[in-house]
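Coordinates for the following, if possible.
(one chain, ligands or ions: 2)
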Amino acid sequence: MTIEEMRALLEASLPPKRYKHSVRVYETALQMADAYKADKEKVATAALLHDCGREIPTKELLAKARGFGIEVDNVEAAQPILLHAKLGVYYAVHKYGVHDAEVLDAIRYHSTGTTDMSETAKIVFLADMIEPKRDFPGVEELRKVSWQDLDRGMFLSYDNTIRYLLDDRALIHPDAIAGYNQLAARYKALKD
Ligand SMILES: [Fe+2]
Ligand SMILES: [Fe+2]
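Ligands and ions are numbered 1, 2, ... in the order given. I've put the predicted structure just below:
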């Protein structure tokens with residue numbers, strides 16, 4: 001399937017607001033791919049499809065994931081919105097015909113982050129956070145840092161997100177903690 005065909009299918013599948021967000025993430029991610037000399041085709045596909053799992057309403061995510069035989073961990077069971085990433089991988093494969101492991105991993109981890117992310121995955125994660133309509137305390141700083149250094153952008157992003165989740169008494173997915181710890185260890189070693 002071409003990227004234009006994927007785009008048309010995505011538009012027919014997602015609520016308009018979510019589709020427009022996906023296009024903004026796609027455009028932002030492509031600019032970042034250019035700046036970082038990343039693989040544009042992988043970035044384009046992963047960015048466009050990162051939220052394709054959102055075609056399922058939040059209330060139905062848990063049942064749908066279980067119905068597809070997707071493994072649901074205890075944090076996802078308590079906070080099912082997280083499952084749109086795994087469902088996104090399912091739809092990317094079965095509906096959009098994507099089989100590239102790097103693209104699928106970028107979709108899988110776009111919401112939590114994780115350790116050892118590919119350049120594609122980092123770009124999609126950060127483009128999702130900083131697309132032009134994003135507006136939250138600290139977004140300007142995150143935009144600045146994300147354009148300078150992908151790992152510094154990820155680190156700041158984990159920092160923002162983990163604080164936000166704590167303030168909200170929400171659950172924090174272990175993949176996010178693992179991603180944070182990996183970068184924290186690296187930057188700590190640089191300082192020590
Ligand atoms: Fe998402
Ligand atoms: Fe998104």
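
need the contact list for Gly53.
Leu61, Leu83, His84, Ala85, Lys86, Leu87, Gly88, Val89, Tyr90, Tyr91, Ile107 (Cβ atoms under 8 Å, 6 or more residues apart in numbering). (C-beta placed from N, C-alpha, C; glycine too.)

Equivalent analysis for Gly179, please.
The neighbourhood of Gly179, defined by Cβ under 8 Å, 6+ apart, consists of Thr112, Gly113, Thr114, Thr115, Met117, Met154, Tyr158.

Does Ala29 touch Glu41 like I think?
No - counting by Cβ atoms under 8 Å, Ala29 does not reach Glu41; the two are 11.7 Å apart.

now the residue nearest the centre of the chain, what's its secondary structure?
What sits nearest the mean C-alpha location of the chain, by Cα atoms, centre = their mean, is His110, with 1.7 Å. What DSSP: H, G, I helix; E, B strand; the rest coil gives for His110 is coil.

Any residues of this protein in contact with ligand 2? List them.
Asp51, Asp128 (Cβ under 5 Å from the ion).

Kindly recompute the last result at 8 Å.
Counting by Cβ under 8 Å from the ion, the positions of the chain adjacent to ligand 2 are Arg18, His21, Ser22, Val25, His50, Asp51, Arg54, His110, Ser111, Asp128, Glu131.

In helices only, show me those.
Those of the residues of the chain next to ligand 2 mapping onto helices are Arg18, His21, Ser22, Val25, Asp128, per DSSP state H.

List buried residues within the residues you listed.
Buried residues within those, defined by neighbour count using 16 or more other Cβ atoms under 10 Å: His21, Ser22, Val25, Asp128.

Alpha carbons of stretch 80-96, in PDB - could you do that?
Only the C-alpha atoms of stretch 80-96 are listed here, as PDB (Å, rounded to 0.1, in the frame of the first residue of the first chain):
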ATOM      1  CA  PRO A  80      -6.600   0.800  28.700                       C
ATOM      2  CA  ILE A  81      -5.900   3.900  26.700                       C
ATOM      3  CA  LEU A  82      -2.400   2.600  26.500                       C
ATOM      4  CA  LEU A  83      -3.600  -0.300  24.500                       C
ATOM      5  CA  HIS A  84      -4.200   1.900  21.400                       C
ATOM      6  CA  ALA A  85      -0.500   1.400  20.700                       C
ATOM      7  CA  LYS A  86      -0.600  -2.400  20.600                       C
ATOM      8  CA  LEU A  87      -3.900  -2.300  18.700                       C
ATOM      9  CA  GLY A  88      -2.200   0.100  16.300                       C
ATOM     10  CA  VAL A  89       0.400  -2.500  15.600                       C
ATOM     11  CA  TYR A  90      -2.400  -5.000  14.900                       C
ATOM     12  CA  TYR A  91      -4.100  -2.700  12.500                       C
ATOM     13  CA  ALA A  92      -0.800  -1.700  10.900                       C
ATOM     14  CA  VAL A  93      -0.200  -5.300  10.000                       C
ATOM     15  CA  HIS A  94      -3.600  -6.600   9.200                       C
ATOM     16  CA  LYS A  95      -5.300  -3.500   7.700                       C
ATOM     17  CA  TYR A  96      -2.400  -1.400   6.300                       C
END
